[in-house]
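Visitor: Give me the fold of what follows.
(2 chains)
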Protein chains: 2
Amino acid sequence: VLIADLSISLDGFVAGPDQTLEQPLGRGGEKLHEWIFGLESWRRSHGLEGGERNEDSDIVAEHVEAMGAVIMGRRMFSGGDGPWESDPNAASWFGDDPPFRVPVFVLTHHAREPETFANGTSYTFVTEGIEHALEQARAAGGDKNVSIHGGASVVQQYLRAGLLDALQVHVVPILLGGGVHLFGALGEDTGLEIDRVVASPAVTHLRYRVTRPPAA
Amino acid sequence: VLIADLSISLDGFVAGPDQTLEQPLGRGGEKLHEWIFGLESWRRSHGLEGGERNEDSDIVAEHVEAMGAVIMGRRMFSGGDGPWESDPNAASWFGDDPPFRVPVFVLTHHAREPETFANGTSYTFVTEGIEHALEQARAAGGDKNVSIHGGASVVQQYLRAGLLDALQVHVVPILLGGGVHLFGALGEDTGLEIDRVVASPAVTHLRYRVTRPPAA
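Guide: This next block holds a predicted model:
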């Protein structure tokens, strides 16, 4: 199963307005991710102890356990939630212990040597396009899911290509009013079916099956 | 309680692209409302028999029973879901039996004589602005809710003015890709708290408390 999993504002943005290198999530965009940092399952997957166990942490644990490989865009890799770069010249949050623990395929226009970490994370840079990245991710992930972590344009490319099977959005009760919209101009022909809804006081987890890609 | 209650697409639109007089909901926008027409509670409030009883019809019944008065914009009144016009020169869907059965206050720039119907519906045209409309609606609605039926710009005006207490969106699993966005450019300062989530196979009902208006 190819699933995209992203936090969005109630108005549909994955990043706020006025993105900069220093503020890759745009103005207010960091609020999209506050719900996750205190959760036991998220902390465990990031090598941290403690944290809360609740319906939100169950959702995160489920996703982590089902995930066999990750696909993400180049900007997301270098900025976004990360940076997950291990380049010593780049600011890295995680050093030798990146939080994925599975193979990660980064879509990029610039070829680059792969990197491998002792904890199971690897970074492979794919220049041959989204289908090639998906083939590699499927082979690496075995029976488990391939998870698209973003950004929005990567999700949109897989949706348009008819390759996305499922979409899980974590709807955070904030408005961003601008920035990067998850769906952009994807239109009304997209077939979506509600698969599951999990509610908590902090965030609403909506999972959809994708039954039909948007018209070209 | 002043509550706005609207159906939106997953990407946040209350109407699709290319709105015209003939197609006031824009391209694909009619799909926003398909979930409601077969429900027993909706049919009953529109003078029709039969229909399905399920979690969606309970949500609609709850809203109808709690509603003491309605506020809507002029375009919504004349086009939108309606037209609810009883002008014999306008196409009217409901004739002498409009579906509200409570006083309706229509925001407009053009003064016009009020209309009253035997079933409890009345149309009062308010030219003095949103606060005046709210005062009248509150007086008319007694202890019950005042419900804003739209359009988006009316909801945004009440939100900006700090007058909106609650927001219920019925998130339909479609993408419209353009059109009229419920939140427009309302920004990240808006305070929202998740109040209740009700899920069904057809639509997800998200209710929020509004705790802080967007910055001016």
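Visitor: Helices of chain A, residue ranges please.
Guide: With helices called from DSSP state H, chain A shows them at A:34-37, A:40-45, A:55-66, A:74-78, A:130-141, A:152-160.
Visitor: Okay, buried residues for the helix or strand of chain A at the bottom of the mean pLDDT ranking please.
Guide: Ranked by mean pLDDT, DSSP states H and E, the weakest helix or strand in chain A is helix A:74-78, scoring a mean of 84. Neighbour counts over helix A:74-78 (16 or more other CB atoms under 10 Å in any protein chain shown) mark A:R74, A:R75, A:M76, A:F77, A:S78 as buried. In this view, the C-beta of every residue, glycine as well, is placed from N, C-alpha and C.
Visitor: can you check stretch A:137-145 too?
Guide: A:A137, A:R138, A:A140, A:G141, A:N145.
Visitor: What pLDDT is listed against the first one?
Guide: This means A:A137. What the model reports as pLDDT for A:A137 is 98.
Visitor: so it touches A:F100, yeah?
Guide: No - the pair A:A137 / A:F100 is not scored as a contact, 11.8 Å apart, by CB atoms under 8 Å.
Visitor: Tell me the residues that contact both of those two, please.
Guide: Any residue near both A:A137 and A:F100 by CB atoms under 8 Å, 6 or more residues apart in numbering or on different chains counts here, and that gives A:V70.
Visitor: For the helices of chain A, which has the smallest mean pLDDT value?
Guide: Across these, helix A:74-78 gives the lowest mean pLDDT, at a mean of 84.
Visitor: For beta bridges, what are the partners of A:V169?
Guide: Note on A:V169: beta-bridge partners by DSSP bridges are A:L6, A:L206.
Visitor: Please apply the same query to A:A69.
Guide: Beta-bridge partners, per DSSP bridges, of A:A69: A:V146.
Visitor: Check A:R207 and give its pLDDT.
Guide: 98.
Visitor: so it makes contact with A:E193?
Guide: No - A:R207 is beyond contact range of A:E193, at 9.9 Å (criterion: CB under 8 Å).
Visitor: So which of those two has more stuff around it?
Guide: For A:R207 versus A:E193, the count of surrounding residues by other CB atoms under 10 Å in any protein chain shown is larger for A:R207: 18 against 14.
Visitor: contacting residues for that one?
Guide: For A:R207, the contact set (CB under 8 Å, 6+ apart) comprises A:A166, A:L167, A:Q168, A:I194, A:D195, A:R196, A:V197.
Visitor: residues near the fourth one, how many?
Guide: I take that to be A:I194. A:I194: 19 surrounding residues under other CB under 10 Å.
Visitor: next one: the first one
Guide: Using other CB under 10 Å as the criterion, A:A166 is surrounded by 19 other residues.
Visitor: near chain B, which residues of chain A?
Guide: A:9-12, A:16, A:27-28, A:31, A:169, A:171, A:173-178, A:181-188, A:190, A:192-194, A:197, A:199-204, A:206, A:208, A:214 (CB under 8 Å from any CB of the partner chain).
Visitor: Go again with 7 Å.
Guide: Residues of chain A found near chain B (CB under 7 Å from any CB of the partner chain) are A:10-12, A:16, A:27-28, A:31, A:173-178, A:183, A:185-188, A:190, A:192-194, A:197, A:199, A:201, A:204, A:206, A:208.
Visitor: just so I know, which of the helices of chain A lies nearest B:E62?
Guide: Closest to B:E62 of those, according to CB to CB: helix A:55-66, at 23.9 Å.
Visitor: buried stuff in the closest one?
Guide: Buried residues in helix A:55-66, counted by 16+ other CB under 10 Å: A:D56, A:S57, A:D58, A:I59, A:V60, A:A61, A:H63, A:V64.
Visitor: Would you mind measuring from the last one to chain B?
Guide: Relative to chain B, A:V64 is positioned 23 Å away (CB to the nearest CB, to the nearest Å).
Visitor: ok, that residue - contacts?
Guide: Listed by CB atoms under 7 Å, 6 or more residues apart in numbering or on different chains, the contact set of A:V64 reads A:S41, A:S45.
Visitor: Recalculate using a threshold of 10 Å.
Guide: Shown in contact with A:V64 (CB atoms under 10 Å, 6 or more residues apart in numbering or on different chains): A:S41, A:W42, A:R44, A:S45, A:P99, A:F100, A:R101, A:V102, A:S147.
Visitor: before we move on, what about A:G151?
Guide: A:6, A:14-15, A:24, A:72-77, A:79-81, A:180, A:182.
Visitor: From those, pick the one nearest chain B.
Guide: Minimum distance to chain B across the contacts of A:G151 is 7.6 Å, recorded for A:L182 (CB to the nearest CB).
Visitor: measure the closest one to A:I148 for me?
Guide: Applying CB to CB, to the nearest Å, the value for A:L182 to A:I148 is 11 Å.
Visitor: A:R27 - how many residues pack around it?
Guide: Residues lying near A:R27 (other CB under 10 Å) number 19.
Visitor: Excluding sequence neighbours, find me the nearest residue to A:I3.
Guide: Leaving aside its sequence neighbours, A:I3 sits nearest to A:A166 (CB to CB, 6 or more residues apart in numbering or on different chains; 4.2 Å).
Visitor: Let me see the contact set for the one you found.
Guide: Residues in contact with A:A166 (CB under 10 Å, 6+ apart) are A:1-5, A:145, A:147, A:192-193, A:195-196, A:207-210.
Visitor: ok, which pair from those residues is furthest apart?
Guide: Largest pairwise distance in the contacts of A:A166, by CB to CB, is 19.6 Å, between A:S147 and A:E193.
Visitor: What are the neighbouring residues in contact with the closest residue in space to A:E55 that isn't next to it in sequence?
Guide: Leaving aside its chain neighbours, A:E55 sits nearest to A:S200 (4.7 Å; criterion: CB to CB, 6+ apart). By CB under 10 Å, 6+ apart, the residues touching A:S200 are A:W35, A:N54, A:E55, A:D56, A:S57, A:D58, A:I59, A:H170, B:I194, B:V197.
Visitor: The fourth one against A:S7, yeah?
Guide: No - between A:D56 and A:S7 no contact is recorded; they are 11.1 Å apart, counting by CB atoms under 10 Å.
Visitor: Could you pull out the residues contacting both of those two?
Guide: Jointly contacting A:D56 and A:S7 under the rule CB under 10 Å, 6+ apart are A:W35, A:I36, A:H170, A:V203, A:H205.
Visitor: Would you reformat the residues you listed as TSV and include neighbour count and distance to B:A133?
Guide: TSV is the format used below for those (neighbours: other CB atoms under 10 Å in any protein chain shown; distance: CB to CB, whole Å):
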residue	neighbour count	distance to B:A133
A:W35	19	36
A:I36	22	41
A:H170	24	36
A:V203	22	34
A:H205	23	37
